[in-house]
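Engineer: no sequence on this one, just coordinates:
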């Protein structure tokens with residue numbers, strides 16, 4: 001018999017385990033350098049290393065590869081081309097249109113053409129770098145921009161259309177009309193840990209793959225297909241990632257598949273870790289968008305009609321571009337009632353890297369368009385943009401989205417009213433106007449932008465999760481779930497949920513690595529659903545165990561099951577038990593330690609582990625009409641940003657940011673505030689400093705390293721950064737009435753971009769609308785300043 005450990009009796013600690021700030025479960029490991037990432041896993045003796053040979057052309061016909069020259073290089077053990085793959089040559093998640101290794105056609109500069117397997121990583125890289133020498137190809141004309149592809153009718157999926165009302169008729173009758181074109185660039189995920197997989201062959205044709213991935217189950221299936229085998233032969237594990245941001249949802253597959261194919265082929269472990277430059281050149285990123293719009297509005301700034309083209313830069317294959325566009329179309333409305341809309345989404349195919357998921361998943365690109373439109377409308381009318389936004393808010397009677405979902409939990413007005421008051425928006429507006437009037441060079445700008453973000457996967461069947469909870473005879477608890485930890489604190493939140501359900505201290509709960517052999521058929525940790533789905537599944541498993549323990553506990557305590565209270569590592573009777581014992585009342589109800597209960601349960605052969613499952617209720621979606629209820633609920637937020645712009649250099653700085661964000665009844669306020677802060681700065685980088693540039697002839701990505709691609713640093717954070725949570729329980733039955741926090745806050749720094757635009761407008765004539773592009777780099781800002789100054793000079797010259 002397994003004898004329970006002689007653990008100290010816990011003191012009664014009735015403090016709840018959810019709704020309170022707790023440190024990230026790996027915080028100490030992170031700061032001490034002891035956290036184990038994929039590359040830190042001890043290598044088995046004989047491990048080989050893979051490197052990828054990349055296409056030197058943006059578009060071409062592959063004629064031959066001099067494999068023998070590669071094999072003659074020092075340390076090279078094997079070379080793998082498309083012809084050597086035992087199974088399907090594909091790493092595309094949806095349409096199977098993305099080859100692991102180029103076969104016949106070269107689609108973009110940086111596309112993997114072959115893999116070199118060598119005795120160490122540097123030797124493999126040196127051999128792979130001979131790609132320009134060993135690849136013979138016939139160049140073909142590349143298509144490098146989304147606008148060019150759109151003009152050619154070249155798409156990765158058919159165009160999408162979402163409409164309500166009669167936009168054409170409403171446009172014709174509108175008192176005012178505004179037409180425009182605009183664009184926003186893409187964004188590199190720039191996870192600190194690059195793409196990596198480590199594959200180890202197992203017995204009976206099995207393979208174990210340690211992979212830095214947000215979607216272990218998809219990696220399992222794609223590896224099985226590449227090997228020509230079945231899913232049960234492949235196990236994928238991921239303890240943690242050093243960041244993902246969507247870039248490891250689908251695009252980790254290439255690296256997992258190549259490592260696994262090489263390991264199975266050579267029957268030795270193989271690791272594939274790319275450096276930052278190759279990561280940039282091989283993988284995709286956030287979709288850049290081009291827009292064309294025609295909108296009608298009245299004298300008060302109400303949007304009466306909108307006809308919009310959204311053109312996304314998808315790259316050479318579909319990847320996740322279709323659902324990204326779907327979410328963009330479903331978030332064009334953002335916080336606003338739009339009675340007549342005609343939205344058209346075009347997913348442009350180009351000869352560049354295949355763009356993919358990135359925090360927000362199309363939502364930011366959709367919502368940013370309407371924010372730019374409303375800002376232009378306000379400037380055309382000479383109104384405060386905040387007033388125009390508020391006049392267009394969803395409200396009673398105007399609460400149905402263009403795709404047919406009712407906005408049932410509308411926090412826009414109360415949340416915005418509170419932020420306007422706490423940020424002293426109106427007083428600061430007057431102060432900034434006075435400052436600008438007396439400052440010819442430095443101009444300040446102010447903007448407030450709201451957000452409404454739908455939570456769930458647009459694809460209904462993905463909204464499910466599973467979990468396993470094991471209670472050991474010493475009272476400790478191990479949790480395994482289908483989500484992945486990438487620094488966001490998912491494992492911490494799930495452990496808190498289980499601790500609350502079982503009534504034990506958080507220190508008694510441990511979360512193990514995500515493993516496809518434990519929880520099967522999982523969805524990606526994406527769409528901000530990690531805690532919603534996996535928290536509910538883990539809670540379901542923990543509650544099943546507790547329900548099995550309750551009859552035994554009631555018998556041991558001589559009470560009814562309904563009178564039991566599990567908390568603080570104890571099981572007691574009734575709410576007054578602790579107080580009665582503290583007052584020294586004789587005959588106070590007894591209590592038993594959770595460890596004692598578990599030990600007795602084991603002796604009585606009561607099952608101490610359980611599986612849990614959760615599927616989000618009430619969702620439905622029609623892909624053809626783009627109508628339905630795709631989201632379980634909405635998250636809300638708003639931010640006020642104040643910036644200063646140097647009109648001589650175009651440099652800008654965020655002086656202050658006030659953020660109020662809705663996370664429902666927070667599971668862990670410290671983690672949630674951290675996520676809001678991180679999303680704000682990441683979004684600020686997307687809209688101000690992170691510029692992607694391709695060579696216009698060769699198609700070479702020129703910004704493929706930190707030397708040329710500028711993510712925000714600590715110095716770019718707002719000098720005065722005030723973040724607060726809008727504490728209102730979720731009306732939907734989410735996990736402990738919390739709300740998702742991963743993606744929605746990325747829309748908050750729209751306020752930074754529009755504050756910069758506001759500052760630039762101060763350098764021009766009244767009611768001018770600066771042509772500011774995004775990202776608003778110093779160069780872009782300076783061009784916009786020059787444009788509005790020219791407007792001013794034109795007026796004065798009349």
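Structural biologist: Right, received. Where do you want to start? Just so we're clear, the structure is a prediction, and the values are computed from it rather than from any experiment.
Engineer: And the helices in the stretch 301-450 of the chain, which stretches?
Structural biologist: Remark: helices assigned in the stretch 301-450 of the chain by DSSP state H, counting those that start in this stretch are 321-330, 363-381, 385-391, 412-422, 425-437.
Engineer: Which neighbouring elements make contact with the third one?
Structural biologist: On a contact count with 3 or more CB pairs under 8 Å, 6 or more residues apart in numbering; DSSP states H and E, helix 385-391 meets helix 363-381, helix 412-422, strand 442-455. Quick note: C-beta positions are derived from backbone N, CA and C, even for glycine.
Engineer: Just give me the neighbour total for residue 88.
Structural biologist: 17 (other CB atoms under 10 Å).
Engineer: show me the contacts for it.
Structural biologist: 96, 225-226, 228 (CB atoms under 8 Å, 6 or more residues apart in numbering).
Engineer: Would you format the helices and strands packed on helix 385-391 as CSV with mean neighbour count and mean pLDDT included?
Structural biologist: What follows is these, written out as CSV (neighbours: other CB atoms under 10 Å; pLDDT from 0 to 100):
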stretch, mean neighbour count, mean pLDDT
helix 363-381, 24, 98
helix 412-422, 17, 98
strand 442-455, 25, 98
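Engineer: quick one on the thing from earlier: so can I have JSON lines of the helices of the stretch 301-450 of the chain showing distance to residue 666?
Structural biologist: Shown next, in JSON lines, are the helices of the stretch 301-450 of the chain (distance: least, CB to CB, whole Å):
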{"stretch": "helix 321-330", "distance to residue 666": "24"}
{"stretch": "helix 363-381", "distance to residue 666": "21"}
{"stretch": "helix 385-391", "distance to residue 666": "26"}
{"stretch": "helix 412-422", "distance to residue 666": "15"}
{"stretch": "helix 425-437", "distance to residue 666": "25"}
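Engineer: picking up where we left off before, with the contacts of residue 88 in mind, which one is nearest to residue 258?
Structural biologist: Distance to residue 258, by CB to CB, is smallest for residue 226 among those, at 8.2 Å.
Engineer: re earlier: out of the helices and strands packed on helix 385-391, nearest to residue 541?
Structural biologist: strand 442-455 (22.5 Å).
Engineer: Could you check the angle that closest one makes with helix 321-330?
Structural biologist: 110 degrees (axes from the mean of the first three to the mean of the last three CA atoms, to 10 degrees).
Engineer: Strand 442-455 pairs with which strands, parallel or anti?
Structural biologist: Applying DSSP bridges, strand 442-455 is found paired with strand 633-646 (antiparallel).
Engineer: Flag every buried residue along the following helix or strand past the partner strand.
Structural biologist: Per DSSP states H and E, the first helix or strand lying C-terminal to strand 633-646 is strand 652-662. Across strand 652-662, burial judged by 16 or more other CB atoms under 10 Å covers 652, 654-662.
Engineer: From the contact counts, what lies against strand 652-662?
Structural biologist: Strand 652-662 packs on helix 412-422, strand 633-646, helix 669-688, strand 720-726, helix 750-761, going by 3+ CB pairs under 8 Å, 6+ apart.
Engineer: Could you export the ones you listed to TSV, including columns for distance to residue 498?
Structural biologist: Formatted as TSV, the helices and strands packed on strand 652-662 follow (distance: least, CB to CB, whole Å):
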stretch	distance to residue 498
helix 412-422	31
strand 633-646	23
helix 669-688	16
strand 720-726	23
helix 750-761	37
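Engineer: And these: which comes nearest residue 66?
Structural biologist: helix 669-688 (41.3 Å).
Engineer: buried set for that closest one?
Structural biologist: Neighbour-count burial for helix 669-688 [16+ other CB under 10 Å]: 671-688.
Engineer: And for stretch 295-307?
Structural biologist: For stretch 295-307, a neighbour-count test (16+ other CB under 10 Å) marks 295-297, 301-307 as buried.
Engineer: now, which of these sits nearest residue 456?
Structural biologist: For the buried residues of stretch 295-307, the nearest to residue 456 is residue 306 (24.9 Å; CB to CB).
Engineer: give me every residue that touches the closest one.
Structural biologist: Contacts of residue 306 (CB under 8 Å, 6+ apart): 167, 293-296, 338, 340-343, 370, 373.
Engineer: got it, and residue 234?
Structural biologist: Per CB under 8 Å, 6+ apart, neighbours of residue 234: 206-207, 209, 220, 223-224, 227, 260, 516.
Engineer: and if you look at residue 413?
Structural biologist: If you count contacts by CB under 8 Å, 6+ apart, residue 413 has them with 390, 393, 395.
Engineer: Endpoint to endpoint, stretch 39-58 covers what distance?
Structural biologist: Using CA to CA, to the nearest Å, one end of stretch 39-58 lies 31 Å from the other.
Engineer: about what we covered before: report the two of the contacts of residue 234 separated the most.
Structural biologist: Checking the contacts of residue 234 with CB to CB, the most distant pair is 227 and 516, at 14.6 Å.
Engineer: before we move on, back to that, let's see which of the contacts of residue 234 end up in strands.
Structural biologist: 207, 209 (DSSP state E).
Engineer: between the contacts of residue 234, which is closest to residue 192?
Structural biologist: Nearest member of the contacts of residue 234 to residue 192, counting by CB to CB, is residue 209, at 21.2 Å.
Engineer: Chain neighbours aside, what residue packs nearest to residue 637?
Structural biologist: Nearest non-adjacent residue to residue 637, counting by CB to CB, 6 or more residues apart in numbering: residue 661, 3.9 Å away.
Engineer: Same question for residue 466.
Structural biologist: residue 519 (4.5 Å).
Engineer: for residue 608, same thing?
Structural biologist: Nearest to residue 608 is residue 471, by CB to CB, 6+ apart, at 4.4 Å.
Engineer: for residue 254, same thing?
Structural biologist: Here the residue nearest residue 254, using CB to CB, 6+ apart, is residue 91, at 4.7 Å.
Engineer: Does the one you found touch residue 225 like I think?
Structural biologist: No. Between residue 91 and residue 225 there is no contact under CB atoms under 8 Å: 9.2 Å.
Engineer: With neighbour numbers in mind, choose between those two.
Structural biologist: Shown here are residue 91 and residue 225; by other CB under 10 Å, residue 91 has more neighbours (29 against 21).
Engineer: show me the contacts for that one.
Structural biologist: 98-100, 222, 226, 250-251, 253-254, 257.
Engineer: Please repeat the previous calculation with a cut-off of 10 Å.
Structural biologist: Residue 91 makes contact with 98-101, 112, 218-219, 222-223, 225-226, 250-258, 317, 319, 354 under the criterion CB atoms under 10 Å, 6 or more residues apart in numbering.
Engineer: Distance of it relative to residue 414?
Structural biologist: 46 Å (CB to CB, to the nearest Å).
Engineer: re earlier: closest one to residue 78 among the helices and strands packed on strand 652-662?
Structural biologist: helix 669-688 (39.6 Å).
Engineer: Could you tell me the angle between that closest one and helix 363-381?
Structural biologist: Using the same axes, to 10 degrees: helix 669-688 against helix 363-381 is 60 degrees.
Engineer: just checking, what packs against helix 669-688?
Structural biologist: Under the contact definition 3 or more CB pairs under 10 Å, 6 or more residues apart in numbering; DSSP states H and E, helix 669-688 sits against helix 363-381, helix 490-502, strand 633-646, strand 652-662, strand 720-726, helix 750-761, helix 778-796.
Engineer: now the ones you listed as JSON lines including distance to residue 694?
Structural biologist: Shown next, in JSON lines, are these (distance: least, CB to CB, whole Å):
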{"stretch": "helix 363-381", "distance to residue 694": "19"}
{"stretch": "helix 490-502", "distance to residue 694": "35"}
{"stretch": "strand 633-646", "distance to residue 694": "28"}
{"stretch": "strand 652-662", "distance to residue 694": "25"}
{"stretch": "strand 720-726", "distance to residue 694": "34"}
{"stretch": "helix 750-761", "distance to residue 694": "23"}
{"stretch": "helix 778-796", "distance to residue 694": "17"}
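Engineer: max-length helix in the protein?
Structural biologist: Ranked by number of residues, the top helix in the chain under DSSP state H is helix 530-557.
Engineer: So which bits of that one are buried?
Structural biologist: Buried, per 16+ other CB under 10 Å, within helix 530-557: 530-546, 549-550, 552-554, 557.
Engineer: Cool, thanks, signing off.
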